[in-house]
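Asker: From the sequence below, what's the structure:
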Amino acid sequence: MKNKRNRLQMIIELIRKNTIGSQNELAEMLKTRGIDVTQATLSRDLKALKITKVANDLGNYMYIIPDSNGLQDSLLLKGQRSMTVNSQIGFVSLEFSGNFAVIKTRNGYAAGLAYDIDMSHSRDILGTIAGADTVFAILREGVTHEEAIKFFSRFVPIEQNQ
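Answerer: The predicted structure follows:
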């Protein structure tokens with residue numbers, strides 16, 4: 001388990017300090033630091049850390065860490081496998097139009113938030129589509145905006161009397 005913790009910590013450090021656009025590039029950086037990892041293992045590590053890939057301002061793709069306030073530390077320290085991401089740090093706004101919810105985030109946070117919403121398997125949300133800074137969520141017929149706000153407040157800091 002110590003090797004895994006070391007590897008996860010190194011992945012976090014490399015992604016925080018570098019612009020990395022592919023698993024091959026990340027694997028090479030790990031290898032130069034003495035960590036030889038297969039693509040399958042690296043893919044599992046990225047998924048466990050909820051690391052996502054987004055387009056940057058130049059149109060290239062790069063890995064980001066949507067949650068810099070707790071998930072990785074919890075995974076590293078406690079060894080837990082499933083946790084809810086605290087995506088609150090990237091939240092900007094929530095608006096509705098009929099059965100559609102539009103959640104605005106800081107650039108790069110939408111994919112992680114959409115993933116968390118989808119993985120919650122809520123009966124109230126049919127699904128999400130994520131861009132770089134927007135999550136488009138489709139509410140099930142009959143779900144009120146108040147019910148949706150209550151649901152989304154599990155993931156983002158929403159005033160429930162909105």
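Asker: tell me which element the residue positioned nearest the centre of the chain falls in.
Answerer: Centroid-nearest residue in the chain: G112, 2.2 Å away (criterion: C-alpha atoms, centre = their mean). Assigned by DSSP states H and E, G112 belongs to helix 110-119.
Asker: contacts for that helix?
Answerer: Outside helix 110-119, the residues that touch it by C-beta atoms under 8 Å, 6 or more residues apart in numbering are 50, 52-54, 66-67, 84-85, 87, 90-91, 103, 105, 125, 127-135, 137, 152, 155-156. All C-beta atoms are positioned from the backbone trio N, CA, C, and that covers glycine.
Asker: Determine the next helix or strand in the C-terminal direction from that helix.
Answerer: Per DSSP H and E, the first helix or strand lying C-terminal to helix 110-119 is strand 125-130.
Asker: Identify the neighbouring strands of that next one in the sheet and state each direction.
Answerer: strand 134-139 (antiparallel) (DSSP bridges).
Asker: now the angle between helix 110-119 and the strand it pairs with, please.
Answerer: Between strand 134-139 and helix 110-119, the angle comes out at 20 degrees (axes from the mean of the first three to the mean of the last three C-alpha atoms, to 10 degrees).
Asker: next SSE after strand 134-139?
Answerer: The first helix or strand that comes after strand 134-139 along the chain, using DSSP H and E, is helix 145-152.
Asker: thinking again about what came up before, list the buried ones in the helix holding G112?
Answerer: For helix 110-119, the neighbour count (16 or more other C-beta atoms under 10 Å) marks 110-117 as buried.
Asker: I'd like to know the average pLDDT value across stretch 104-117.
Answerer: For stretch 104-117, the mean pLDDT works out to 86.
Asker: which one in the chain is furthest away from the centre?
Answerer: Distance from the centre of the chain peaks at G142, with 28.2 Å (C-alpha atoms, centre = their mean).
Asker: For that one, give me its contacts.
Answerer: The contact partners of G142, taken as C-beta under 8 Å, 6+ apart, number zero.
Asker: Tell me the helix or strand right after the helix or strand of the chain with the lowest mean pLDDT.
Answerer: Least confident helix or strand, the chain: helix 71-78 with a mean of 43, by mean pLDDT, DSSP states H and E. As assigned by DSSP H and E, the chain's next helix or strand after helix 71-78 is strand 91-97.
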